[in-house]
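Engineer: Please find the sequence and the predicted model below.
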Amino acid sequence: MYRWIMRRLPVLILLVTLTMCDGLLSQLPLLVKSPSLHSWVTAGNVSMPGGIWPTFWNQHILGWSSWIRVDGISYQWTGATISTRPNMTTNTVTPTRTIFTFNAGPVAFNATYLSPINPSDLVQQSLPFGYFYADVWSLDGRPHSIQFYFDATGEILSSDTTQLVQWNTTQTGNVVYHRMSLVSGPSMEVDDGDIDKDCTLIFTMENRPDVTWQTGSADTPLPDGLRATFNAGRTLSNSDDTNYRAIRDDWPVLAFRVDLGNITQTDSSLRVVWSIGIIREPAVQYIQVQHSSYYWSAYNSTDDLVEDVIGKFDDVMSNATDLDNKILADGGAISPNFNDLISLSLRFTFGAMDITLARFPNGTIDTSDVKVFMKDVGTSRRINPVETIYASLPAILYLNTSLVRPLLEPLLEYQNSSDYKNIYAAPDLGNTYPRVQGNTTNTTELALESCSSMLIMVLAHALKSGDGTLISLYYDLLNKWANYLEQNTLHPVTVTYSNSDGESNPNLSNLALKGIMGLYAMSKISEVAGRSNDSSHYQSQAQNYSSQWESLAISSGHITSVYGNTSSWGLIYNLYAAKLLGSNLFSDQIYTQQSQFYASQVDTAPKFGFPYDTNDVGKAKSHWTLFTAAMVTDPSLRDSLVGMVWQRAVLNDTIPFPATYDPNNGNPISGIASPAQGAMFAPLALTLPNRQISGLSPTLSGKGTKVGPIAGGVVAGVLGLLIVVGLMIFFRRKRQILQKNPTMLKSGAAAVEPFSTHAVVENSSVPIPSRINWAIPTSSKSGGRIDVSTSYLSSRGHPSTVGSSVSAPPSAALGAASSSSGPSSDIRTEVEQLRREMEALRSERLMADPPPLYDLNGPSTEDRTGSDREVNSNQQLVTEPLADSLRTRKS
């Protein structure tokens with residue numbers, strides 16, 4: 001207990017003496033790269049981050065300690081060990097970096113924490129590694145003796161510091177890295193502090209002559225204590241302490257020391273770069289299929305991974321700088337306060353996602369099955385929470401619209417299976433991250449919200465990316481949800497409330513508005529899909545409901561939050577969806593009138609923003625405030641709303657910026673470091689253009705049933721089956737001949753064998769195909785990794801997409817590690833390979849004949865008589881349970 005108190009005493013003292021610094025964000029992100037790698041430091045003191053331990057988002061201490069030694073005097077810039085601290089002169093936060101500038105005696109130095117964000121490269125984006133690097137220069141022009149030291153405890157691995165940890169150190173030709181994990185960390189389990197138990201901490205540096213390393217006790221006296229060793233001017237011993245023990249038992253640390261000698265400044269060759277990562281394998285279990293992090297498709301081993309992390313630092317830093325400059329240039333057109341918000345929030349959103357690939361039972365990776373899973377960081381362990389994705393959508397669309405598809409697809413795929421019985425959309429995929437079990441509970445009270453959000457997001461993705469695959473694959477499911485909205489939108493009953501708001505009043509204007517936008521979205525989805533009668537029907541319903549809604553919801557010059565209650569009002573943030581989708585359902589007068597009403601309330605508004613609704617005046621919501629700011633017509637009002645949220649962001653606090661807080665005193669309520677803060681990008685997402693939509697199935701783009709294509713398809717199917725059977729017999733007989741005549745396999749054996757084995761385990765990987773089966777553009781790149789091009793560095797930062805064809809992994813990977821063998825196993829392997837190749841050819845054929853452009857700004861001019869609305873609200877779309885389907889697909 002004494003050691004616990006002493007370790008936290010500097011923090012407790014500091015929190016009492018903090019003073020507010022104008023323009024200083026209250027909590028600064030250090031490294032925020034994945035749900036498991038979240039590190040923060042409290043702002044407010046002149047030596048910050050010296051004197052404070054970095055923490056997890058929930059204030060759990062991370063024992064990271066950083067030091068610089070100048071002419072024999074040591075200064076500590078992170079951590080709360082009693083020591084001399086450098087004087088922080090400035091700090092800067094960009095979308096990817098947090099930069100501190102310190103004076104330490106006769107020198108100054110920058111300490112930069114970089115959390116790379118590069119959604120144009122899924123390998124890089126999925127890497128759960130962040131960097132911190134230091135540059136130093138002399139203030140008096142004279143050379144000075146400079147050494148740096150950094151160590152990390154195992155506290156990032158468990159909130160229970162009595163847990164036993166183990167560690168080792170590996171040196172390769174180019175890097176040296178420590179790794180640490182729990183001795184008994186059960187797979188896919190999370191402790192009470194929301195920390196994954198099966199993580200491995202990786203701490204690495206370039207292996208160069210001026211670097212020494214050691215593992216051992218942090219705070220014990222000489223000769224064993226590593227911090228004392230550094231402060232005494234000694235080098236580390238390049239040795240491992242093999243006494244594995246509890247995290248808090250003499251605080252074992254992973255340490256590096258760098259001796260730069262006598263210098264006046266660092267250049268690129270002397271820059272000191274460390275990297276910390278948290279790896280987990282598997283990353284997620286989706287139903288009964290394990291998913292690995294996407295980056296394992298590009299690396300053979302941990303050695304290769306770590307070497308690339310360090311070796312590509314210059315490229316990563318250059319890309320981050322370009323991205324920062326582009327985002328801040330776009331945001332600067334709005335206001336400096338807005339730039340602060342987008343700089344703080346971007347890491348919230350992208351640091352909450354795991355980009356994954358399905359893993360076959362034999363250990364190989366299925367590069368065609370890309371899925372993104374978002375954790376409800378700061379609130380719960382829910383997976384892909386619909387209202388949070390809806391809030392974060394502007395940031396994801398702005399950075400790379402194509403990422404929306406693999407984020408929504410797990411929700412759609414699961415609900416399209418027989419496992420899911422409800423006739424409305426689910427609010428999430430369960431609450432046991434990283435175990436994705438699906439949500440089959442009765443969530444009627446959330447149904448209107450969830451159905452509307454899903455329809456709006458599917459259309460937004462198609463419009464901004466040009467990829468119609470989700471529409472093609474899940475049209476009937478989307479249609480079923482639209483049917484539900486028809487029956488429940490205009491008058492939401494008492495039990496139907498918005499999960500985004502938590503209200504339970506009947507006839508909520510904002511919720512009804514969202515349902516109307518869901519129907520509008522379905523009308524455009526139907527139009528894109530060639531379902532003209534559906535499109536006409538839903539367009540008519542949306543227009544009819546919007547007219548009725550105006551008479552019900554608008555009173556006394558503003559939109560009431562509850563029909564008929566003239567004194568009620570709130571943030572009608574769902575009007576943002578109408579702007580994002582380019583809907584003309586609501587006149588400009590409504591936006592102008594509502595903007596004028598908000599402007600009349602600004603002078604009496606609480607400091608930290610309007611309550612989101614007068615029915616709940618104790619809660620302000622930053623994400624919905626920014627949606628509202630983006631849709632108002634008055635730029636000065638927009639800036640006022642942004643300014644209110646900014647005031648909360650810079651409020652002196654001990655936890656990261658929350659999404660929901662008290663509007664009067666700023667006290668946090670929920671959503672700490674929530675990915676919902678991607679809503680800060682709402683104004684920028686409105687600048688994205690619509691694109692031509694491709695990737696639609698021919699059965700959707702047609703106007704009706706055609707006998708000729710069906711008959712042709714049957715004939716083609718029969719011929720295809722005969723070809724497959726013939727090839728099966730051919731390959732089987734060929735293998736039998738080769739087995740009887742092994743001399744035939746001379747030097748040309750590799751050319752005869754049609755398959756190769758690439759089991760992605762610790763020491764091997766499956767090569768990335770040139771294309772994947774969702775609409776992210778690709779280009780060849782060294783190492784075979786996918787480079788998902790986005791144009792955020794070009795005009796207005798808008799990503800572009802092309803194609804959605806399939807290229808499958810080598811099919812030998814499907815069977816090479818199977819316990820069964822023999823002709824039947826070979827045949828299954830060959831059939832699977834042929835099936836995949838036929839799918840690829842079919843996709844390429846579809847790509848060669850893209851659909852026409854669609855007018856998405858108003859009703860279609862074609863005849864919309866009749867009815868082709870064939871799916872009723874009780875239709876069961878898929879009869880096979882998803883777990884069985886996935887097992888079949890992966891076996």
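Structural biologist: Looks like it came in fine. Computed from a prediction, not measured in an experiment: that's the story for all the values here.

Engineer: Going by C-alpha atoms from here, please, whenever you check contacts or count neighbours.
Structural biologist: Noted.

Engineer: and the residue nearest the centre of the chain, what are its phi and psi?
Structural biologist: With distances taken as Cα atoms, centre = their mean, the chain has Met353 as the residue nearest its mean C-alpha position (2.9 Å). Met353 adopts backbone torsions of phi -120, psi 140, taken as degrees, to the nearest 10.

Engineer: residues in contact with it?
Structural biologist: With contact set as Cα atoms under 8 Å, 6 or more residues apart in numbering, Met353 has these partners: 34-35, 372-375.

Engineer: Can I get the buried part of those as one ChimeraX selection?
Structural biologist: Burial among those is assessed by 16 or more other Cα atoms under 10 Å; the matching ChimeraX selection reads:
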select :34,35,372,373,374,375
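
Engineer: Restricted to helices, list the contacts of Met353.
Structural biologist: Assigned to helices by DSSP state H, none of the contacts of Met353 qualify.

Engineer: Return the member of the contacts of Met353 nearest to Ala134.
Structural biologist: Ser34 (23.0 Å; Cα to Cα).

Engineer: That closest one: what's it in contact with?
Structural biologist: Here Ser34 is in contact with 128, 350-354 (Cα under 8 Å, 6+ apart).

Engineer: Who does it form a beta bridge with?
Structural biologist: Under the criterion DSSP bridges, Ser34 forms beta bridges with Leu37.

Engineer: mind showing which ranges of the protein have poor pLDDT?
Structural biologist: Per-residue confidence of the chain (counting by pLDDT under 70) places the weak regions at 1-24, 26, 43-48, 50, 494-499, 698-881, 883-891.

Engineer: could you say what helices and strands whichever strand in it runs longest packs with?
Structural biologist: Looking only at the chain and at elements set by DSSP state E, the strand with the highest residue count is strand 252-263. Using 3 or more Cα pairs under 8 Å, 6 or more residues apart in numbering; DSSP states H and E as the contact definition, the elements that strand 252-263 packs against are strand 144-152, strand 211-217.

Engineer: what does it contact?
Structural biologist: Under the criterion Cα under 8 Å, 6+ apart, residues 138, 142-154, 178, 203, 205, 210-218, 226, 230, 235-236, 245, 270, 272 lie in contact with strand 252-263.

Engineer: what about it, distance to the chain center?
Structural biologist: 34 Å (Cα atoms, centre = their mean, to the nearest Å).

Engineer: partners of that strand, with directions?
Structural biologist: Each strand pairing with strand 252-263, determined using DSSP bridges, is listed with its direction: strand 144-152 (antiparallel), strand 211-217 (antiparallel).

Engineer: what comes up buried for the first one?
Structural biologist: Within strand 144-152, the residues that qualify as buried by neighbour count (16+ other Cα under 10 Å) are 144, 146-152.

Engineer: Could you export the residues you listed as CSV, including distance to Ser184?
Structural biologist: Output for those, formatted as CSV (distance: Cα to Cα, whole Å):
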residue, distance to Ser184
His144, 46
Ile146, 40
Gln147, 36
Phe148, 33
Tyr149, 30
Phe150, 27
Asp151, 23
Ala152, 20
